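Undergrad: Predicted model follows, preceded by the sequence.
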Amino acid sequence: MVEMIGALALLGAPLTQPGQLPWLTLVTFSPLIGVLALLLMPGKQESALRTIALASTLLTFAISIGIMVFFDAGVATAPGPFTFQMTEGPVPWIPTMGIHYAMGIDGLSLWLVMLATFLYPMVILSTYSAVNNHVKEYMICLLVLQMAMLGALVSLDVFLFYIFWEMMLIPMYFIIGIWGGEDRISAAVKFFVYTLVGSLLMLIAILYVYFKAGADGSYSFLFSDMLSVQLSYPEQFWLFLAFFVAFAIKVPLFPFHTWLPLAHVQAPTAGSVVLAGVMLKMGTYGLVRYAFPLFPYALKTFAPYIALLAVIGILYGAIVAMVQPDVKKIVAYSSVSHLGFCVLGLVAMTPQALAGGIFIMLAHGIATGGLFLCVGILYERRHTKKIKDFGGVAKSMPVFSFLFMIIVMASVGLPGLNGFVGEFLTLIGASKSNFLFFETPYAAQIITDPDTGLRAWSWAEAQRFPLPDRMQAGPEITAILLTTFATLGVIFAAGYLLWMWRRVMFGPLTKDENKNLEDVNAREITYLVPIVLMAIFMGVAPDFFLSRMEPTNNQFLSYMSEKGIGGSNAVDADATYVKECVIVEDRAGDDPAPGPMIGGADAP
Amino acid sequence: MLYTDQFYYLGLIALMPLIGALINGLIGAKLPRKLVDVIACSSIGLSFMFSLISIKALVDNAAHIGDETIYGHLSYTAYQWIYAGDFGVDIAFMLDPLTSMMLLLITGIGFLIHLYSVGYMSEEPAKWRYFSYLNLFCFSMLLLVLGKNMLVTFIGWEGVGACSYLLIGFWYTDDAKAAAGQKAFIVNRVGDFAFLVGMFILFYETGTVDYVALKEIATDAASMASIAPIAGVASILIFIGCTGKSAQIPLFVWLPDAMAGPTPVSALIHAATMVTSGVFLLSRMNWLLTISPEAMMVVAIIGALTAFFGATMALVQNDIKGVLAYSTVSQLGYMFLAVGVGSFTGALFHVMTHAFFKALLFLGSGSVIHSVHTQDIREMGGLRKVMPWTAGTFLVGCMAISGFPLMSGFFSKDLILWSAFSNVHVLNIKGVLEQNIGVIDLLTNTPAPAITAGGAVDVNVLALVVGSGVGVLGVITAGLTAFYMFRLYFMTFEGEYRGDEETLSHAHESPPTMVIPLAVLAFLAAFGGLTGWPHFIVHWLHLPEGLLFFEHWYEEIFQTSNQFRIVGRFGAKPYVYEAIATAISVGVGLTGIFFAHRFYLVQPEVPGRVKAKFEKLHQVLTDKYYVDEGYDLAFVKSSIKAGEGLTFFDKNILDGGLVNGAAQIMVSCGRILRNMQSGDVQRYATYITLGVVLSLAVLYGYIS
């Protein structure tokens, strides 16, 4: 039986070793079973349609539990930045172009897959009373979207990844455009076009790497093959930018975020939950999985600027969120703020910050997903999302207010709930990072002539803060400053969320419409309670998650530090960087500043 | 010695209130009301028992070396919490003499206040919710004091803030109360932000957040160099965190508003326990503060200023809880003053006595409010006849806080004021820094030469001015304290009743569940200070050393601060000076009581005349120095302005200008290009011809 499924390969060749289940193929395409069943059903039987969709998502979740159980959190051993397990393929798919069907999972994608499968039953449950027209099509859109996201997370072939990546756009476009609010069409179009522009930039970059890799005749889209391509600094510079813009739009990182509030406000509840809960993480996932390891040298240049954008995003999102009159907009801008933390963690390249950044992806998925569900519950009852239409709701909906409060506190980052762990790790890790800003004179020089440019730059950096007992006084101060500003975000988070809470839930019941609001029913409790419990579990026992991603993170970081970015041995790594990237010419005679390239004076 | 490492009772201490909170929080609405009371009180009662057992184990475990008693600590590691790279933090607890007193305060006074709440909240329909929050608060507070590392303390630190938020806004349908809760949380968050950054800096330099490990680094000569340069910054940042939680300048503004919560909550959270957690934290990290004299000076100045300004605002309050709230701010200032001048023992002593008398006063005020249903003391008076127990215990509380001789406040306040005049940081001693001694060596290995000489120490001018200045402010505050407390007492319980007869006829003494805690606390407030007598009395009267119990209990914790870094300015036997200082502060206190008696009983027309004469000043004090208004303008309004500005930027420039602009350009290009596709065949033929010519030109190299 097992072998039969294993042999059920896409193009005849076996996907996995004999005796192994193709877990990832199963989890990715299991939503299609639901889609098929839905297609066979008549569109009128809405409750049956909903049950089928729920069953399908539960099946997917069950499979993903299997993946989690069989996932081996042991030491990562493969060469390169990642060690994948449960790999399938690579099976040639379009051999003439070097496109493969290849899948694999590691500590990074494991939890994102779990997030996507965990949230989905709740998403489906939340639509039972919210969506009454075209239920069948709605469910199909949601399930196809789930398949696309799962596929993008486990693909090991860049072309395959790109297909899944673009496939995510279409169902979401329909979800916003058909089942959204009043201004849904323009929101859907903006979402689609904006994201697509980024994706196309990425496609160009992928093709460039592909042709570069295939210069010797062996064209391949396999991620592992692309990783082994040698790219010069100027090439990396531009390719990284292309990838970065694509992912930054998806995250969304300030200033590429303007599609998000619009999309969130117009999207139906389920769409918002999926968008904020899982889809935004595809951007951060892409940064770690593709942009960083493919173009490490460019990352070193860009990291401080990305960190700066992230910190601006944290504060900007929070300050803008504070004054929004619409509950959903507040939550949308809070996403901009929270994902700023996430990106800061990812570019900081220290073990704590990376783990924190990944943890924020999960925590934000749970907490913000929960917030959107709560807003959805309010919207279904009052058909408004304006803060001024509420007030004193806690009195009429006590159970709801209890659950909502915990989710709000998780988002505020109260220790003991999930938001805190990620933010804390990110901040404490970022404070130790080696951010090296460079100035315009060096920028041009580095692009045209990396050798002298980098030399001049790093020497200037090392000289700028000549504190006695510091190896790298410059980056230290930069990192602490960036971290301090980022930490300010925790004050604002309390500000905008609690202020919103006070105006919506607390205070006197002034509006008659709010007096007899029905408290959450059994179905709504069923989908809020798992979120609340997960928020608590992740806050109380984060090690359950952290320990399973740790080997992956360590391998990734040591790979990056070999390339000269971050890591505790950044100084040694800088030497490697110099060797690898720059042909060092002997200038011992005339150089007034001999010594290591980056990071100040070395011990003799 | 067998259970020092995994002493699981510590876990149980914290667990009990959590269980109580969960039971009441989840199913309390369906339980009988009596059972809710029993669950809430017994959970904290059990916690108290486990605390006693644990402290006994700590004492039994102590090693006796000569005269010294080394208590060490008991610890319990529950599980691994956050691990990433070289950063690892467990959910771990530890019990040492410092924690043990806080434990007794939290669980002991906590139990009394739970008991009191049974009566006070008897008519509240959502009592289960109240008790659930109260138990949850105790749980968080226990985490705060039991934490073995800064992060567990931080869980408790934010947890008590959240519980405080929930309890202040307990009657959330009143928008003012909800707003007070929110203000408390956000102002505390400002402090927490600084605390976090301080923690980052410490971790950056040392790679750990564990108290035991940090202490070793900070007190060991070899490793101290790594922590010394950042000690000042880290201490100040952590101190800013404490100013939030402990309501010090500049973050004290939330505490007076917090009185919107139920009165037992004010007693437990905003008087006895949570607001003292800042003092606890600084004492916990005393080894860090002592290597940074500048930070300590800042702490002392802020503490003294808070004490003084808090007292001045309390002078003009007419709300019974308002007086107590500003009095709390002021008394907390004393504690920080003590920390700043290096008398950590004095600070903790005052934490304890203040917990007794302030909890007593708050519960007494609650009893009054329960009885007459108003908080305005202008509508009270003569209540002693109706509520003799409340009045009697309240009087004890007032005497204790005013430093009446041999009452608890007398001992702790004297210790603080005496320390302010006499204590000197080693680095402030004249000549120490000029001498060619490495600072680190001086701090760790050798007592300063000036101290070994045994005589009086020569202090540099700035330190002298600051030390005396904060001392003088403290003495003035002592007088003000006595005055406003007795003003409160006289206006509430003595003289003629000024409210309407209707209310008076309903006024009554409170039920036993409320009076018993009052009596217990009154006993403690009267005699709790006898554990720490002034040295001069013990010395001159040849009393047993046991009367200095409080100091000896903490000797080990504050060893480094006491032995090497903070010394007495008046030499080894400063008893005469100490007696003079005590006499002055007692005299000032009695004067305050005398004037209060004069103004509010004998010649009640005087205050009106004074008020008329100093109209402006009175207004400033009533309006709390306009700090709230200032903050509103500087932070709240400006953030909202910034938010609105950025929203405009977001909508019109970023999205409207750049994003939509880019789209518009594309559309315009399309419009232009559309004209080429006109359907005119001749024009197409022209395009084709031009294209072919151009291609050929390129092909043959005419255009490169």
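TA: All right, it came through fine.
Undergrad: in the chain, what spans have low per-residue confidence?
TA: Going with chain A. Residues of chain A meeting the criterion pLDDT under 70: A:1-19, A:75-76, A:436-443, A:446-447, A:450-451, A:453-476, A:564-604.
Undergrad: ah, I was thinking of chain B
TA: If you take pLDDT under 70 as the line, chain B has these spans: B:1-4, B:430-457, B:563-565, B:703-704.
Undergrad: The spatially most central residue of it and B:W171, how far apart?
TA: By CA atoms, centre = their mean, chain B has its centre lying nearest to B:S246, at 2.2 Å. B:S246 sits 25 Å away from B:W171, going by CB to CB, to the nearest Å. Using the backbone N, CA and C atoms, a C-beta is placed for each residue, glycine as well.
Undergrad: same question, A:T510
TA: 16 Å.
Undergrad: what about the two, which has more around it?
TA: A count of neighbours by other CB atoms under 10 Å in any protein chain shown puts B:W171 above the other of A:T510 and B:W171, at 16 against 11.
Undergrad: out of everything not next to it in sequence, what's closest to that one?
TA: Leaving aside its chain neighbours, B:W171 sits nearest to B:K177 (5.2 Å; criterion: CB to CB, 6 or more residues apart in numbering or on different chains).
Undergrad: in terms of contact, does the one you found touch B:G169 like I think?
TA: Yes: here B:K177 reaches B:G169: they are 5.4 Å apart, a contact under CB atoms under 8 Å.
Undergrad: Mind checking which of these two has more residues around it?
TA: A count of neighbours by other CB under 10 Å puts B:G169 above the other of B:K177 and B:G169, at 30 against 21.
Undergrad: neighbours around the residue nearest to that one when sequence neighbours are not counted, how many?
TA: Excluding the flanking residues, the one nearest B:G169 by CB to CB, 6+ apart is B:G181, at 3.1 Å. In terms of burial, B:G181 registers 27 neighbours under the definition other CB under 10 Å.
Undergrad: Overlap of the contact sets of B:K177 and B:G169?
TA: B:260-261 (CB atoms under 8 Å, 6 or more residues apart in numbering or on different chains).
Undergrad: which ones are touching the residue of chain A found nearest chain B?
TA: Relative to chain B, the nearest point of chain A is A:P351 (2.5 Å; CB to the nearest CB). In this structure, A:P351 makes contact with A:429, A:553-554, A:557, B:84-87, judged by CB under 8 Å, 6+ apart.
Undergrad: if we can go back for a sec, need the contact list for the residue nearest to B:W171.
TA: B:168-171, B:260-261.
Undergrad: Could you list the buried residues of stretch A:378-396?
TA: Within stretch A:378-396, the residues scored as buried using 16 or more other CB atoms under 10 Å in any protein chain shown are A:378-379, A:381-382, A:385, A:387, A:389-396.
Undergrad: Quick check: the gap between the residue of chain B found nearest chain A and A:F492.
TA: Of all residues in chain B, the one sitting closest to chain A is B:G85 (2.5 Å; CB to the nearest CB). B:G85 sits 28 Å away from A:F492, going by CB to CB.
Undergrad: In terms of neighbours, single out the busier of these two.
TA: Taking other CB under 10 Å, B:G85 and A:F492 do not tie; A:F492 has more neighbours (25 against 20).
Undergrad: Chain neighbours aside, what residue packs nearest to the more buried one?
TA: Distance criterion CB to CB, 6+ apart; nearest residue to A:F492, sequence neighbours excluded, is A:A318 at 3.4 Å.
Undergrad: List the contacts of whatever helix or strand B:S100 lives in.
TA: Secondary structure assignment for B:S100, by DSSP states H and E: helix B:97-104. Helix B:97-104 has contacts (CB under 8 Å, 6+ apart) with B:13, B:48, B:51-52, B:54-55, B:58, B:71, B:95, B:142, B:145-146, B:273, B:276, B:280, B:283-284, B:348, B:351-352, B:553-554, B:556-557.
Undergrad: Tell me the first helix or strand C-terminal of that helix.
TA: Immediately after helix B:97-104, counting by DSSP H and E, sits helix B:110-120.
Undergrad: So which elements touch that following helix?
TA: helix B:33-61, helix B:127-146, helix B:263-267, helix B:344-372, helix B:512-527 (3 or more CB pairs under 8 Å, 6 or more residues apart in numbering or on different chains; DSSP states H and E).
Undergrad: if you set the cut-off to 10 Å instead, what comes out?
TA: In terms of contacts (3 or more CB pairs under 10 Å, 6 or more residues apart in numbering or on different chains; DSSP states H and E), helix B:110-120 is packed against helix B:9-27, helix B:33-61, helix B:127-146, helix B:263-267, helix B:344-372, helix B:512-527.
Undergrad: Relative to B:R609, which of those helices is closest?
TA: Nearest to B:R609 among those is helix B:344-372; the distance by CB to CB comes to 27.8 Å.
Undergrad: Now do the closest one against helix B:512-527, angle only.
TA: 150 degrees (axes from the mean of the first three to the mean of the last three CA atoms, to 10 degrees).
Undergrad: Give me the angle between helix B:344-372 and helix B:110-120.
TA: 10 degrees.
Undergrad: ok, then the element right after helix B:344-372?
TA: Next along from helix B:344-372, by DSSP H and E: helix B:388-401.
Undergrad: Report the buried residues of that next one.
TA: B:389-401.
Undergrad: which two from these end up farthest apart in space?
TA: Across the buried residues of helix B:388-401 (CB to CB), the longest gap, 18.9 Å, separates B:W389 and B:I401.
Undergrad: circling back: next secondary structure element downstream of the helix or strand encompassing the residue nearest to B:G169?
TA: Using DSSP H and E, B:G181 sits in helix B:175-206. Following helix B:175-206 in sequence order, the next helix or strand is helix B:211-219 (DSSP H and E).
Undergrad: which helices and strands sit right next to that next one?
TA: By 3+ CB pairs under 10 Å, 6+ apart, helix B:211-219 packs against strand B:87-95, helix B:150-168, helix B:175-206, helix B:221-245, helix B:277-284, helix B:286-290, helix B:439-444, helix B:559-560.
Undergrad: hmm, 6 Å instead?
TA: helix B:221-245, helix B:286-290 (3 or more CB pairs under 6 Å, 6 or more residues apart in numbering or on different chains; DSSP states H and E).
Undergrad: Point out the most buried one among those.
TA: Comparing the helices and strands packed on helix B:211-219 by mean neighbour count (mean count of other CB atoms under 10 Å in any protein chain shown), helix B:286-290 comes out on top with a mean of 25.
Undergrad: May I have stretch B:211-226 as CSV, with CA atoms only?
TA: The C-alpha coordinates for stretch B:211-226 follow below in CSV (Å, rounded to 0.1, in the frame of the first residue of the first chain):
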residue,chain,number,x,y,z
TYR,B,211,20.6,36.7,38.8
VAL,B,212,23.1,34.3,40.3
ALA,B,213,25.4,34.3,37.3
LEU,B,214,25.1,38.1,36.9
LYS,B,215,26.0,38.6,40.5
GLU,B,216,29.0,36.5,40.2
ILE,B,217,30.1,38.5,37.2
ALA,B,218,29.4,41.8,38.9
THR,B,219,31.2,41.0,42.1
ASP,B,220,34.2,39.1,40.7
ALA,B,221,37.3,41.1,40.1
ALA,B,222,38.3,39.3,37.0
SER,B,223,35.0,39.5,35.1
MET,B,224,33.9,42.8,36.4
ALA,B,225,35.6,44.8,33.7
SER,B,226,33.0,43.5,31.2
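Undergrad: how far out from the middle of the chain is that stretch?
TA: Distance of stretch B:211-226 from its chain centroid, counting by CA atoms, centre = their mean, to the nearest Å, is 26 Å.
Undergrad: again, but for stretch B:186-196
TA: The chain centre lies 12 Å from the centre of stretch B:186-196; the measure is CA atoms, centre = their mean.
Undergrad: So it, near chain A or not?
TA: Yes: using CB under 6 Å from any CB of the partner chain, we find that stretch B:186-196 touches chain A at B:186, B:189-190, B:193, B:196.
Undergrad: Looking at the chain, which strand is longest?
TA: No chain was given, so I picked chain A. strand A:85-94 (DSSP state E).
Undergrad: ah, no, chain B please
TA: When chain B is parsed with DSSP E, its longest strand is strand B:74-84.
Undergrad: buried set for that one?
TA: Result for strand B:74-84 [16+ other CB under 10 Å]: buried residues B:74-78, B:80-84.
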